[in-house]
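Participant: Let me see the structure of the following:
(chains A and B)
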Amino acid sequence: MSSLNISKLQVKIDQKKILQGVDFKIKPGEVHAIMGPNGSGKSTLAYTLAGHPAYEVTGGKVSLDQEDLLNMSPDERSQAGLFLAFQYPVEIPGVKVQNFLRQAYRARFEGQKDKQFNSVLAFRKHLEKLAQELKVNPELLKRGLNEGFSGGEKKRLEILQMAVLEPKFAVLDETDSGLDIDAIKAVAVGIKQNIKKYKTGVLLITHYQRILDYIQPDFVHVMVRGKVVESGDKTLVKKLEQDGYQKWS
Amino acid sequence: MARFAKKQTTDLDKKLKQDSYEHGDSFSTADYKHISKPGLNKEIIEEISSFKNEPKWMLQQRLKAYEIFKSKPMPNWGVDLSEINFDKIRYYFRPTEDQVSSWQDVPLEVKDTFDRLGIPEAEQKVLAGVKTQLDSEVVYGSLKNVWAKYGVEFLSMDEGLAKHEDLVKEYFGKVIPAADNKFSALNAAVWSGGSFVYVPPGVDVQLPLQAYFRINAESSGQFERTLIIVDEGAKVHYIEGCTAPNFSSNSLHSGVIEIFVKKGAQCQYTTVQNWYKNIYNLVTQRAFVEEEGQMIWTDFNMGSKATMKYPGFILAGKGAKGEVLSMALAGADQHQDTGAKAIHLAPHTSSTIISKSISKGGGRASYRGLVSIGPKAHHSKNTVICDALLLDPESRSDTYPVDKVFNSQVEVQHEATVSKIGDDQLFYLMSRGISEEDARKMIVNGFVEDLIKKLPLEYAVEMNRLIDHEMEGSIG
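Facilitator: All right, here's what the predicted structure looks like:
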């Protein structure tokens, strides 16, 4: 059975311990929400899973479909089916979105005969169709990657990238932050489509209840000071919204 | 004239051998028709002139230029030129007897070299005409009938002088006099080859003319001289490519390119400079632009040991426009000192200079620019944008801009950025499945994208490929 398995994960950055033993198991199609106060290690978890070199794993294991994820470089992790939607997507001037995504797609599905497009044009059509479904302005596909994009456009493009790469598991790092209500809805619809189409297992990092009104989480975890201190179902969200994180501080 | 003994080939420096330069093979110069003795003196200049059967005034002009060359000190700015030894260089090589107009007639070894560079194929598909210069002489040339029919002339400079002596006399050395700098003086003294282009009024040469420059001989100098005259309302794009074999000893390339853009005419001059890392590339290029005329220099410097090159234009007529789009890639042991000169003399003239440099492996790229707006150039505009990308902490980038403005009714803008390929950019691309090497290539190609799209598609594709090739193995 496919799964993303995180066990006893410990991580430090600049000699500072951030994650102090985190455990999760995510199955295909499941949505796990992680909530927690600022500085509790949520983004560290996201970056560590994707393999950012600044984050040093000092203990624990992560496996994706029984394969050791921590031994892979960031590109290999993506090729294995992991996706990270960035909280702050970087701008890469002059690298056209559509060309970049074609190369990313080819890396992801290399050697899978049924996943190949026989021309650049066929891929572009596929891309435009996905963009339409996710309400991403097709003009953006011809521009430099995130170059001069608004905050909302960047976040929508992250979800479009997720749709293109059809990940087995996706980590969404505060994808809802800084978005207006309409944008949150659009992003939520996109995430749900991915889950439905590809049975993507999702780790959704958020500060707010709102996005969880559109995407019902199967599990909710509370992270405080680098540890999961409580797990439950979606009713936990309401409780957090009322009481905050005081209980653990 | 006696043939010289076959030259000894020196052992290749191992470091040079192991690099990834693609155009490295040279062939023996044993069959060359003439190779001059090393060193420069009056006799060598007379020898060159007599080979060419040129008019007396040209020889006199050469000798005068030689005196100027001797009187000028080496530049003490820009790149380090201290290793150039003028006494060791051979100034004139005649690889074949004459220029031919059919590939069949090109000697086999020469043909092989140009075949490998893909020239015959490009000629058929995307070019209006071709000149290929090997060392000192143009060995092959063609111009499609359709352009010849309109009166377009695309000749070697030697042919140009023979056929259009009056035009050459009128324009030669007029925008770049011998006394402009030490190397323009040297070129005026020993020039050989290069192109003569004349486009009659109103003719739009829709496909590019391409000149191909190849240095094959070691310890040599190549001094091509190009003169392009674009008559009123005409339009032309001239492209030059440069490569050389991987010898361990240094050679010198010192061309002079003069362009005259008449009223309402347009000229684009593109250089794809990919010399091997043993070449000193010291080139002077300048255009004289009349009313409503437009000059565009697209200058791509990726090869050579050291380059000093500042394509310029004199905007002499009302409403004239000039653009310099410059890209330099400096790798290990390379110093690219490039830039532009924009001289505004007339009202309502405008110029844009965009310079992008990439430094890696300890390489050094400098932007050096002069913008001068004269007292009569009211309502003129100039924009300079310099962006530098550093791929590692060992590499270096400098900017030396000079603005001289003698009129208050003008707009002058200058923007400069220096950026590094950040871990965050690499990580972002890698997190989408792209390897580190491909991610670096992508970032670098993206950085120069707005310049590259100014090239015809085939060249843009080739340029991206060259950059990718330069970036290979650059990790770690």
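Participant: so B:Leu155, which of the three states?
Facilitator: Using DSSP: H, G, I helix; E, B strand; the rest coil, the secondary structure recorded for B:Leu155 is strand.
Participant: helix/strand/coil for the residue in the stretch 201-350 of chain B that chain A sits nearest to?
Facilitator: Closest residue of the stretch 201-350 of chain B to chain A, CB to the nearest CB: B:Met327 (12.1 Å). In short, each C-beta sits where N, CA and C put it, glycine included. Three-state assignment for B:Met327 (three-state DSSP): strand.
Participant: Model confidence for it, exactly?
Facilitator: B:Met327 carries a pLDDT value of 94.
Participant: Which elements pack onto the helix or strand harbouring A:Lys154?
Facilitator: Element membership for A:Lys154, per DSSP states H and E: helix A:151-165. Applying 3 or more CB pairs under 8 Å, 6 or more residues apart in numbering or on different chains; DSSP states H and E, we find helix A:151-165 packed against strand A:82-85, helix A:97-108, helix A:120-133, helix A:181-198.
Participant: Model confidence for the residue in chain A that chain B sits nearest to, exactly?
Facilitator: Chain B sits closest to A:Gly94 of chain A, with a gap of 3.1 Å, by CB to the nearest CB. Residue-level confidence at A:Gly94 comes out at 93, pLDDT.
Participant: repeat for B:Gln285
Facilitator: Per-residue pLDDT puts B:Gln285 at 98.
Participant: Unless I misread the structure, it falls within a strand.
Facilitator: Yes. Under three-state DSSP, B:Gln285 falls within a strand.
Participant: OK, contacts around it?
Facilitator: B:Ile176, B:Gly255, B:Val256, B:Ile257, B:Glu258, B:Ile259, B:Tyr269, B:Trp297, B:Lys309, B:Pro311, B:Gly312 (CB atoms under 8 Å, 6 or more residues apart in numbering or on different chains).
Participant: Now list the buried members of those residues.
Facilitator: Burial by neighbour count, 16 or more other CB atoms under 10 Å in any protein chain shown: within the contacts of B:Gln285 this picks out B:Ile176, B:Gly255, B:Val256, B:Ile257, B:Glu258, B:Ile259, B:Tyr269, B:Trp297, B:Lys309, B:Pro311, B:Gly312.
Participant: what residues does chain A put near chain B?
Facilitator: By the rule CB under 8 Å from any CB of the partner chain, the part of chain A lying against chain B is A:50-54, A:73-75, A:77-79, A:83-84, A:86, A:89-90, A:92-96, A:100-101, A:103-104, A:107-108, A:144-145, A:161, A:165.
Participant: Buried only: go through these for me.
Facilitator: Buried, going by 16+ other CB under 10 Å: A:50-52, A:74-75, A:77-79, A:83-84, A:86, A:89, A:92-96, A:100-101, A:103-104, A:107-108, A:144-145, A:161, A:165, out of the residues of chain A next to chain B.
Participant: Identify the residues contacting the helix holding A:Lys154?
Facilitator: By CB under 8 Å, 6+ apart, the list of residues contacting helix A:151-165 reads A:78, A:83, A:85-86, A:89, A:97, A:101, A:104-105, A:108, A:127, A:130-131, A:133-137, A:140, A:146, A:149, A:170, A:175-176, A:178-180, A:183, A:186-187, A:190-191, A:193-194, A:197, A:200, B:432-433.
Participant: Kindly report the same for stretch A:98-115.
Facilitator: Contacts of stretch A:98-115 (CB under 8 Å, 6+ apart): A:75, A:78-79, A:92, A:116, A:120, A:123-124, A:127, A:141-142, A:145, A:161, A:164-166, B:429, B:432-435, B:438, B:442.
Participant: So which bits of chain B are right by chain A?
Facilitator: So far as CB under 8 Å from any CB goes, chain B lies against chain A at B:422-425, B:427-436, B:438-439, B:442-443, B:445-450.
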